[in-house]
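Visitor: I'd like to go over a predicted model; first the sequence, then the structure.
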Protein chains: 2
Amino acid sequence: MTNALFWLVPISSVLALLFAWYFYKQLMKTDEGTPQMKKIALYVRRGAMSYLRQQYKVVGLVFLVLVILFSIMAFGFGVQNKWVPVAFLTGGFFSGLSGYLGMKTATYASARTANAARTSLNSGLRIAFRSGAVMGLVVVGLGLLDISFWYLLLNAVIPAEAMNPAHKLCVITTTMLTFGMGASTQALFARVGGGIYTKAADVGADLVGKVEAGIPEDDPRNPATIADNVGDNVGDVAGMGADLYESYCGSILATSALGAAAFMGAGETDMQMKAVIAPMLIAAVGILLSIIGIFSVRTREDAKMKDLLKSLSFGTNLSSVLIVFATFGILWALQLENWAFIGGSVIVGLLVGIVIGRSTEYYTSQSYRPTQRLSESGKTGPATVIISGIGLGMISTAVPVIAVVAGIILSYLFASGFDLSNVTLGLYGIGIAAVGMLSTLGITLATDAYGPIADNAGGNAEMSGLGEEVRKRTDALDSLGNTTAATGKGFAIGSAALTGLALLASYMEEIRIGLTRIGETVLEFADGTSVLISEATFTDFMRYYDITLMNPKVLSGMFIGSMMAFLFCGLTMNAVGRAAAHMVEEVRRQFREIKGILTGESEPDYERCVAISTQGAQREMVFPSLLAIVAPIATGLIFGVSGVVGLLIGGLSAGFVLAIFMANAGGAWDNAKKYVEEGNFGGKHSEVHKATVVGDTVGDPFKDTSGPSLNILIKLMSMVAIVMAGLTVAWSLL
Amino acid sequence: MTNALFWLVPISSVLALLFAWYFYKQLMKTDEGTPQMKKIALYVRRGAMSYLRQQYKVVGLVFLVLVILFSIMAFGFGVQNKWVPVAFLTGGFFSGLSGYLGMKTATYASARTANAARTSLNSGLRIAFRSGAVMGLVVVGLGLLDISFWYLLLNAVIPAEAMNPAHKLCVITTTMLTFGMGASTQALFARVGGGIYTKAADVGADLVGKVEAGIPEDDPRNPATIADNVGDNVGDVAGMGADLYESYCGSILATSALGAAAFMGAGETDMQMKAVIAPMLIAAVGILLSIIGIFSVRTREDAKMKDLLKSLSFGTNLSSVLIVFATFGILWALQLENWAFIGGSVIVGLLVGIVIGRSTEYYTSQSYRPTQRLSESGKTGPATVIISGIGLGMISTAVPVIAVVAGIILSYLFASGFDLSNVTLGLYGIGIAAVGMLSTLGITLATDAYGPIADNAGGNAEMSGLGEEVRKRTDALDSLGNTTAATGKGFAIGSAALTGLALLASYMEEIRIGLTRIGETVLEFADGTSVLISEATFTDFMRYYDITLMNPKVLSGMFIGSMMAFLFCGLTMNAVGRAAAHMVEEVRRQFREIKGILTGESEPDYERCVAISTQGAQREMVFPSLLAIVAPIATGLIFGVSGVVGLLIGGLSAGFVLAIFMANAGGAWDNAKKYVEEGNFGGKHSEVHKATVVGDTVGDPFKDTSGPSLNILIKLMSMVAIVMAGLTVAWSLL
């Protein structure tokens, strides 16, 4: 029950891993620099690894509890598929592994990047970018490997004769979504924990070091400076890796599930299989193009900043353009029904991602008026910087939302062949658009991940006293990364919204399976008519469960969903505030109690700061993350299926807008500070600078903790709802 | 076609206006104090009146354009009722009049309150509270007068024989909603314009006066101080008056419209009329109880702070308890079907309001841990104050949302007699719950409105040099108001959410009328079946327009709705930022150019600051307000009925949560600063105090501009959708 083309999926996943391994080996051959550089790198690496070990212990415990719960539901009450517990575990494991491998590479790369930057900008770029590529390729490689493995295994073990053959692929794809839930759970912990860690350290280091003691960033006299650099790795690298692994797999799995649902009619089994593997194939082709893109990033040894930028952009743009042609090619080769139109959805997805990326750049880069005006508002002090930044962030939600709305409508229309009533195929098109955006993740993630590597390289250079020139080069690399990463971030945000919608549809599909599993066969409507569950359309389910906007349960779910987004952000913001306060106290204590730190005569106690950030993050991450798991379950038990749909859609619409607001406000504050530091409005040490530093500090948890976690929250709530659908259905029929 | 009990409505409205007039006359008999006090009061009064004149000019222009538009739609294209243009105008006129009369009273009351506070706390309370009561009674009196007038007029002029007699009341009640749109439009401009004015002046005065020049609040040497006091009147009094006029009328009108829709069957005409006038009657009884409550607020001449608090609380609690009994009484006397259960919805509404009020108090009062901890976060500077405040505000959304959800479900269940499928009656119950919350607005608004009066009295006392003791008393009155106002605010917020839902249902009703007007008679479903439009239920309309959560148009509408809430807040936040920056520049200029201001030798140019705030507010208020009017129209033209419903529900769920977040974060920042000023964490002039002042400044537009405007935005978008329903329907059938 598969197509020869399918084998492209495991093959390209293995290829991705091989290239990742190759780049890693290449990296390890380069020199890590002076003994001092090696020592600093070792400190950071050790701190980061010890954090990850601690993190995985806590997360492991949560997984253990959930697996027991799933096993009881699957084996005890029979309201769930028996493969769920195992699939859940592998998703969590691979998501964690992606983060771990990416971070390990990053911690080896930072000193090497700094060392290479002593030679030239170009050498620095090469090392940092290739190390970022390791993470990009590991994420996509492990993702598709996991997907291939489960697809083949479930195809082999799930008996087709036990039910309508068309249902086999539905069961397979929705079971695979469970591994998506494992990945999402892991990702949420990684993002929240890592986000709290890094921002507690960053805020703590800045508040006492920069503001109170007046020593520069990354100064070795600052006790929190190692923790700050560890934070970049555990939050921005490991957290981001787990996050994008989740997004990548989530979009493919949700779309496959929709493909299975779209072609359930008799005699469509072959087309159904094609619709299921189409998103996997697009992703597989995307891997090959990413590898080509990565190799195309090369410059002459004496390259200027402008050349580097051109080269990086060339690589990502090349992959994005090629994926359009490759998608049409692969869909044609597959002979998928309506292939040309479905290919159109991929173009829509890519365009939406680019629009979001450009709008993000416009609102957050110091090259444009909004951020420059934000810097200017510092003339009247920190309060107006905060007011203007919040205003800017809120206004900046308009363009991305309009882009996503246009994307929803167009990709739906394309895939459904402009037939609005063909709901399943239309939703499939929305999923395909999301897959298109993430298909070249191999290279877009490389441009994203190399930012923190360059940042850490800068830290290493500063602490090792490599001098102004090297630091300038690492800063240039860092800001280069910020510019090229904008498109990648646009893809990540846009795909989250579209994947969220696709997951909503998968939820309805899982309801069908849940009803079937407990022996129901027909849906009886209020007016006495009925329809066979196996033949019921989405519209029938909507009618049966009264999922309209006048049902008080739906409305209640929506209010709770909106509230969940805010509550979750509030909890993570406060967590950062509390953890940072502990860090501030510790740094102040060390300055007070350890004599000679500020004169450089004695070394501060770095490890204590690392320990404080670790403990703070672990303590604070559990409650908000568990809330995301509990909310859909509780809503399902109290309000039933219609309440859950309300919750998911409320969380998605409010959460998406809130996430953009927080990310853009945070980004703009960061760059408004940099704009002042570049010498505008009085430059460094002016009152305007101080005011923008307040904005930057507030923006840290906005853009690196709460904002990015929201994308995962939205999807995790959907995944939990899907996995728990069997329970919800069984309970509501009790 | 009316019931004898109905006459209670116009009678109590006239009573309210008579008592308002009586309290006003009483007020004018008291002494305004020293010549200096009179002079200051005159300045403030003149500034406030001149602002309002300017404001009404701009709003008048907007109204003119809209009336022309409505006239074309009604008389030219026949897609609208011919009474719409006039009804729209009266709503706007009375809403504006409420604000004007309330503000006029307030500007006469502040100096008199300060003067009375020279004698005793109790005398001050008496004057301030009775002046607040003038506004409370004017709002409810004008509201019910307008409602009575239109109800009687439309009953007389709309011919019953032209259509199904049951439809007559539907047409009447939905036409009356047009006057709600007039009130909402006026209210939004008043809130946004007033909010920008007051916060630009406040922020400007604080930033230069307090922070840079180091002179105390309300110091006469500060050029922006008169503008600041004018701002309290135009924003907190006139803005709030127009706002609550809109809420009050909106909830009654939306519920009446639902009542008309709930009893449309043959032979139910009498019950239909009862359901239509029931919310008016509850409001009428609420007026009588409010007057009783106002008179019950009396204390002995030597009363202590605690006695005053007890006395104020007694008044509002008395009204709230009595309204429960009175509601059951009036519904029984009316012999409304299911009256005991519908009375239960009123209890639900009151309880929800109380829970929201208590939770607001817990999160924003310095007597509780959250705000105390917020003050403490000032130890690590302004950035952590902002982070913690945003965290606190976001977390504080949980309880109100859960309360509203419980309120939705319970009031729906009660009114529908625990029959979930009785959608119209269930929604009617939700509306009744909102009416219950606002029924005692006469007194709750009095406790709300007297806060800014006391605040202004303090300003007058400071500028007139009345000494520490008088200032302390006015401060005590102000903070007393803050505590008692919490419940009133809870009612206002909670009722906004419930009214929003009721308006959504009215929208569906208006769609029915719009279809009938253009000659449609049946709804044909996709499966070939059909139903007569005159007999179609809400569920039928949901099915016909496919208003389910899988329709991409609904989803698109929801994303746009969520975004609208953020965009609107962002625009108003930035407006305050820009207007405040102009004020800061002007105050700095005056300090620099007018010699002897700081030594008190020459008087600053107060009028220039007043003019700057006025111009800033007028310039900045137009765009965001027009956006609220344009968005539902554009969505309707592009996405049709299903898109509009998505827009309204997305705006409601995200906007409601966002509004609570902003109001509570702002309130907590305000009180965190006060807590420090009370001597905690170093007290005034400490670093912690400076940090909390930043929080307070950021909180100003949160709690007084963007937050409260959101409540109106939500309802205005619904009102516009309702009034434009005819156009949407006609357009989508083209």
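Guide: Happy to help now that I have it.
Visitor: now the angle from the helix or strand encompassing A:Met621 to helix B:606-677?
Guide: Element membership of A:Met621, judged by DSSP states H and E, is helix A:606-677. When axes from the mean of the first three to the mean of the last three CA atoms, to 10 degrees is applied, the directions of helix A:606-677 and helix B:606-677 differ by 180 degrees.
Visitor: what's the offset of helix A:606-677 from the middle of its chain?
Guide: Chain-centre distance of helix A:606-677: 12 Å, with CA atoms, centre = their mean, to the nearest Å.
Visitor: What's the separation between the closest residue to chain B within the stretch 451-600 of chain A and A:Leu318?
Guide: Using CB to the nearest CB, A:Gly570 is the residue of the stretch 451-600 of chain A that sits closest to chain B, at 2.7 Å. (C-beta placed from N, C-alpha, C; glycine too.) Distance, A:Gly570 to A:Leu318, using CB to CB, to the nearest Å: 42 Å.
Visitor: More neighbours: these two, which one.
Guide: A direct count of neighbours by other CB atoms under 10 Å in any protein chain shown for A:Gly570 and A:Leu318 places A:Gly570 higher, at 24 against 18.
Visitor: Could you list every helix and strand in contact with the strand or helix carrying the more buried one?
Guide: A:Gly570 is part of helix A:552-593, with elements assigned from DSSP H and E. Counting contacts by 3 or more CB pairs under 8 Å, 6 or more residues apart in numbering or on different chains; DSSP states H and E, helix A:552-593 packs against helix A:165-204, helix A:606-677, helix A:687-701, helix A:707-723, helix B:382-395, helix B:398-415, helix B:606-677.
Visitor: any chance of these in CSV, plus mean neighbour count and distance to A:Ala403?
Guide: Putting these into CSV (neighbours: other CB atoms under 10 Å in any protein chain shown; distance: least, CB to CB, whole Å) gives the following:
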stretch, mean neighbour count, distance to A:Ala403
helix A:165-204, 29, 24
helix A:606-677, 25, 11
helix A:687-701, 26, 23
helix A:707-723, 30, 16
helix B:382-395, 29, 26
helix B:398-415, 24, 29
helix B:606-677, 25, 15
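Visitor: A:Glu509 is nearest to which of those helices?
Guide: When the helices and strands packed on helix A:552-593 are compared by CB to CB, helix A:165-204 sits nearest A:Glu509, at 6.0 Å.
Visitor: can you list contacts of the next helix or strand after the closest one?
Guide: Where DSSP H and E defines the elements, the next helix or strand beyond helix A:165-204 is helix A:225-231. Residues outside helix A:225-231 that contact it (CB atoms under 8 Å, 6 or more residues apart in numbering or on different chains) are A:40, A:43-44, A:47-48, A:51, A:110, A:194, A:197-202, A:204-205, A:209, A:218-219, A:222, A:456, A:459-460, A:463, A:583, A:606-607, A:609-610, A:612-613.
Visitor: and if we set it to 7 Å?
Guide: A:43-44, A:47-48, A:51, A:197-198, A:201-202, A:205, A:218-219, A:456, A:459, A:463, A:606, A:609-610, A:613 (CB atoms under 7 Å, 6 or more residues apart in numbering or on different chains).
Visitor: low-scoring stretches of the stretch 101-250 of chain A, by residue?
Guide: Judged by pLDDT under 70, the stretch 101-250 of chain A has its weakly predicted residues at A:160-165.
Visitor: quick one: low-confidence ranges for the stretch 301-450 of chain A?
Guide: Within the stretch 301-450 of chain A, no stretch has pLDDT under 70.
Visitor: Any residues of it in contact with chain B? List them.
Guide: A:377, A:380-384, A:386-388, A:390-391, A:393-395, A:397-398, A:401, A:404-405, A:408-409, A:412, A:421, A:423, A:426 (CB under 7 Å from any CB of the partner chain).
Visitor: A:Ser120 - how many residues pack around it?
Guide: A:Ser120 is flanked by 16 other residues according to other CB under 10 Å.
Visitor: Would you check how far apart the residue nearest to it when sequence neighbours are not counted and A:Ser123 are?
Guide: In space, and not counting its chain neighbours, A:Ser120 is closest to A:Glu301: 6.2 Å by CB to CB, 6 or more residues apart in numbering or on different chains. Going from A:Glu301 to A:Ser123 by CB to CB gives 8 Å.
Visitor: Tell me which of those two has more neighbours.
Guide: More crowded of A:Glu301 and A:Ser123, by other CB under 10 Å: A:Ser123, with 19 against 10.
Visitor: who's in contact with the more buried one?
Guide: Contacts of A:Ser123 (CB under 7 Å, 6+ apart): A:116-117.
Visitor: Please tell me how far it sits from chain B.
Guide: Per CB to the nearest CB, to the nearest Å, A:Ser123 is found 37 Å from chain B.
Visitor: Give me the three-state assignment for that residue.
Guide: At A:Ser123, secondary structure determined by DSSP: H, G, I helix; E, B strand; the rest coil is helix.
Visitor: The helix holding A:Met621 near chain B anywhere?
Guide: Yes - using CB under 7 Å from any CB, helix A:606-677 comes into contact with chain B via A:645, A:649-650, A:653-654, A:656-657, A:661.
Visitor: Could you point out which of the residues you listed is nearest to A:Lys715?
Guide: Using CB to CB, A:Phe656 comes nearest to A:Lys715 of the residues of helix A:606-677 next to chain B, at 10.9 Å.
Visitor: gap between that closest one and A:Ala565?
Guide: Counting by CB to CB, the gap between A:Phe656 and A:Ala565 amounts to 9 Å.
Visitor: same check, this time on A:Phe491
Guide: Using CB to CB, we find A:Phe491 at a distance of 21 Å from A:Ala565.
Visitor: Specify the local secondary structure of the residue of chain A positioned farthest from its centre.
Guide: Distance from the C-alpha centroid of chain A peaks at A:Gly528, with 45.8 Å (CA atoms, centre = their mean). Applying three-state DSSP to A:Gly528 yields a three-state assignment of coil.
Visitor: In contact with the closest residue to chain B within the stretch 601-734 of chain A, which residues?
Guide: Taking CB to the nearest CB as the measure, the point where the stretch 601-734 of chain A comes nearest chain B is A:Thr697, at 3.6 Å. Listed by CB under 7 Å, 6+ apart, the contact partners of A:Thr697 are A:203, A:206-207, B:383.
Visitor: Pick out the most distant pair among those.
Guide: The most widely separated members of those are A:Asp206 and B:Ala383, with 8.4 Å between them, by CB to CB.
Visitor: which residues sit in contact with the nearest residue to A:Ile196 once chain neighbours are set aside?
Guide: Distances taken as CB to CB, 6+ apart put A:Ala617 closest to A:Ile196, at 4.3 Å, once the chain neighbours are dropped. By CB under 7 Å, 6+ apart, the residues touching A:Ala617 are A:193, A:196-197, A:200, A:579.
Visitor: make it 6 Å
Guide: A:Ala617 is in contact with A:193, A:196-197, counting by CB atoms under 6 Å, 6 or more residues apart in numbering or on different chains.
Visitor: Check A:Gly426 too.
Guide: Contacts of A:Gly426 (CB under 6 Å, 6+ apart): A:412, A:415-416.
Visitor: Go through the residues you listed and name the one nearest chain B.
Guide: Of all the contacts of A:Gly426, A:Tyr412 has the smallest distance to chain B: 4.6 Å, by CB to the nearest CB.
Visitor: thinking that closest one is in contact with B:Lys553, fair?
Guide: No - in this structure A:Tyr412 lies outside contact range of B:Lys553 using CB atoms under 6 Å: 9.5 Å.
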